[in-house]
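Novice: here are the coordinates; sequence isn't available:
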């Protein structure tokens, strides 16, 4: 099934790379697609949505309306790591 989440802090390709890499390493994920302009992450999986929400939150990309200064800072670190790997 397709699960689509609206998230905060997606700024560039580095962010997208970090999100995609982290989610694809999770069990039961078949495909991940990201729309930077609309800040949405779509995951094809047979799993419940909660583990994906937690993973994105841990990376600094919380669901819309749940942002904080700490989460923004985490997203900058994830972005930098994603830029190094691209």
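Specialist: The structure has been received and is ready for your questions. Just so you know, these numbers come straight off a predicted model, no measurement behind them.

Novice: Now for the protein: which helix has the highest residue count?
Specialist: helix 69-85 (DSSP state H).

Novice: Could I get the buried residue list for that helix?
Specialist: Across helix 69-85, burial judged by 16 or more other CB atoms under 10 Å covers 71, 74, 75, 78, 79, 81, 82. Bear in mind the C-beta positions are built from the backbone N, C-alpha and C, glycine included.

Novice: Out of those, the closest to residue 16 would be?
Specialist: Using CB to CB, residue 82 is the member of those that sits closest to residue 16, with 7.0 Å.

Novice: and the most centrally placed residue in the chain, which of the three is it?
Specialist: With distances taken as CA atoms, centre = their mean, residue 19 lies nearest the centre of the chain, 3.9 Å away. Under DSSP: H, G, I helix; E, B strand; the rest coil, residue 19 falls in the helix class.

Novice: pretty sure it is in contact with residue 32, am I right?
Specialist: Yes. At 7.3 Å, residue 19 and residue 32 qualify as touching, with contact defined as CB atoms under 8 Å.

Novice: overlap in contacts of these two?
Specialist: residue 41 (CB atoms under 8 Å, 6 or more residues apart in numbering).

Novice: quick revisit: other SSEs contacting the longest helix of the chain?
Specialist: In terms of contacts (3 or more CB pairs under 8 Å, 6 or more residues apart in numbering; DSSP states H and E), helix 69-85 is packed against helix 13-24, helix 50-59.

Novice: Throw the buried residues of helix 69-85 into a markdown table and include distance to residue 38 and pLDDT, thanks.
Specialist: Listed next are those as a markdown table, based on distance: CB to CB, whole Å; pLDDT from 0 to 100:
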| residue | distance to residue 38 | pLDDT |
| --- | --- | --- |
| 71 | 19 | 95 |
| 74 | 21 | 93 |
| 75 | 17 | 94 |
| 78 | 19 | 91 |
| 79 | 18 | 89 |
| 81 | 23 | 88 |
| 82 | 19 | 87 |
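
Novice: worst-scoring helix or strand of this protein, pLDDT-wise?
Specialist: Across the helices and strands of the chain, mean confidence by mean pLDDT, DSSP states H and E is lowest for helix 69-85: a mean of 90.
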